[in-house]
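Peer 1: return atomic coordinates for the entry below.
(chains A and B)
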Amino acid sequence: KQEVTQIPAALSVPEGENLVLNCSFTDSAIYNLQWFRQDPGKGLTSLLLIQSSQREQTSGRLNASLDKSSGRSTLYIAASQPGDSATYLCAVTGGGGNKLTFGTGTQLKVEL
Amino acid sequence: DGGITQSPKYLFRKEGQNVTLSCEQNLNHDAMYWYRQDPGQGLRLIYYSQIVNDFQKGDIAEGYSVSREKKESFPLTVTSAQKNPTAFYLCASSIGGGSGYTFGSGTRLTVV
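Peer 2: Residues are numbered from 1 along each chain as shown, chains lettered A, B, ... in the order given. The predicted model follows:
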């Protein structure tokens, strides 16, 4: 059974710092990996989708990498801002039904 | 704009009552999913459907039921058999075949 782990569970940084969020998964037979953002009490917003054949994806200040063979992904956030404060979720797709398996998230707080 | 609409945003259920959560999408996606989110546990898959008139149980289907009579709609019924229904429920859809997911804004269900 696929298991996804995110480290750290919580992170507090001053504004302007570059930071890295980590995600690991136990079964490397995935179709893709997706990073989401969730604000309190809200749904999930997709940030980046990396196909299993890709190594990284970039969107603005966000860069996500994927090392499928080692079961790891990182989300790099450059020049963090208070508006980046949210919970970041990593999820992998695999198995029948194209099902997503989620990590428990990293709660990020960017302080002024 | 295309997207997923979940309603209601907040729902209160009395003991022994069945309630139905609505999920509608206009993205022309074939696959739809229901997830439950509890604090500290991440998202867990309840049911999913890859095509109209067909659906499969996820990891925590007991006490829930679904239907998929139309491509656009995938309602979730929380039955009285679900002993701990208080949670945040998220609906998602996907084209399938390794594409990413799109999520709705969620329904918060509380037992009173």
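Peer 1: C-alpha only now, for contacts and for neighbours.
Peer 2: Fine.
Peer 1: residue 23 bridge partners, please.
Peer 2: Just so you know, I chose chain A. Note on residue A:23: beta-bridge partners residue A:6, residue A:73, judged by DSSP bridges.
Peer 1: if you could check chain B rather than the one you did, that'd help
Peer 2: Residue B:23 has these beta-bridge partners by DSSP bridges: residue B:6.
Peer 1: near chain A, which residues of chain B are found?
Peer 2: With C-alpha under 8 Å from any C-alpha of the partner chain as the criterion, chain B meets chain A at residues B:40-44, B:48, B:50, B:90, B:96-106.
Peer 1: now, which of the residues you listed lie within strands?
Peer 2: Judged by DSSP state E, the residues of chain B next to chain A include B:42-44, B:48, B:50, B:90, B:101-103 as members of strands.
Peer 1: is residue A:83 in a helix, a strand, or coil?
Peer 2: With DSSP: H, G, I helix; E, B strand; the rest coil as the basis, residue A:83 sits in helix.
Peer 1: just give the closest residue to it, not the sequence neighbours.
Peer 2: Nearest non-adjacent residue to residue A:83, counting by C-alpha to C-alpha, 6 or more residues apart in numbering or on different chains: residue A:110, 7.6 Å away.
Peer 1: show the buried residues in the residues of chain B next to chain A.
Peer 2: For the residues of chain B next to chain A, a burial check counting by 16 or more other C-alpha atoms under 10 Å in any protein chain shown picks out B:43-44, B:48, B:50, B:90, B:96, B:98-106.
Peer 1: and the residues you listed, which is closest to chain A?
Peer 2: Using C-alpha to the nearest C-alpha, residue B:105 comes nearest to chain A of those, at 4.0 Å.
Peer 1: next up, phi/psi of the closest one, please.
Peer 2: Main-chain torsions, residue B:105, degrees, to the nearest 10: phi -90, psi 0.
Peer 1: coming back round to it: the strand or helix carrying the residue nearest to residue A:83: how far from the chain's middle?
Peer 2: Following DSSP states H and E, the helix or strand that holds residue A:110 is strand A:106-111. With C-alpha atoms, centre = their mean, to the nearest Å as the basis, strand A:106-111 stands 13 Å off its chain's centre.
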